[in-house]
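# Sequence isn't available, so here's the structure alone:
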């Protein structure tokens, strides 16, 4: 059962789901939002063996600042032996993720259950 996220910033909420920490990005993810989200994202992704999901479904705008957050989160989680999943359904955000090649490293899923029912990426290619 999904619980209501605790707001860490206006653009970021967090909650637990199926043994994972879900970081729900919201609204416009731009340079200002990324600066606010970064320290919270680093705190979560800095834990050894963390199992996390980045949920972008509530995102309305997503620029290169958001991409940097995703790449950084992926690198930090893999360095610490954790798992990271991505949930995204917004067509423009998906396009950015695919065009930049991030989709190969962090495949987007349409929902939490779809993401968690698949193994997390992160085999031999662990480079961001």
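That came through, no problem. Treat the numbers as computed from the prediction; the structure is a model and nothing was measured.
# Please count neighbours and contacts with C-alpha atoms only from this point.
Fine.
# Helix or strand: which one has the residue most central in space within the chain?
For the chain, residue 54 is the residue whose C-alpha lies nearest the centre (Cα atoms, centre = their mean; 2.4 Å). Using DSSP states H and E, residue 54 sits within strand 51-55.
# Just say helix, strand or coil for the closest residue to residue 13 other than its chain neighbours.
Nearest residue to residue 13 in three dimensions, chain neighbours excluded: residue 7, at 4.2 Å (Cα to Cα, 6 or more residues apart in numbering). With DSSP: H, G, I helix; E, B strand; the rest coil as the basis, residue 7 sits in strand.
# Surely residue 59 touches residue 33?
No. Using Cα atoms under 8 Å, residue 59 is not in contact with residue 33, being 11.5 Å away.
# Residue 109 versus the residue nearest to residue 13, what's the distance?
23 Å (Cα to Cα, to the nearest Å).
# bridging residues for residue 6?
Beta-bridge partners for residue 6, by DSSP bridges, are residue 14.
# Relative to residue 24, how far out is it?
10 Å.
# between those two, what contacts are shared?
Common contact partners of residue 6 and residue 24 (Cα atoms under 8 Å, 6 or more residues apart in numbering): 13, 14.
# Pick out whichever of these two has more residues nearby.
Taking neighbours as other Cα atoms under 10 Å, residue 6 and residue 24 compare with residue 24 leading, 22 against 13.
# Let me see the confidence value for the more buried one.
Model confidence at residue 24, expressed as pLDDT, equals 97.
# The one 4 residues further on too?
Residue-level confidence at residue 28 comes out at 96, pLDDT.
# what pLDDT, on average, does stretch 31-44 get?
96.
# buried stuff in it?
Buried residues in stretch 31-44, counted by 16 or more other Cα atoms under 10 Å: 33, 34, 36, 37, 38, 40, 41, 44.
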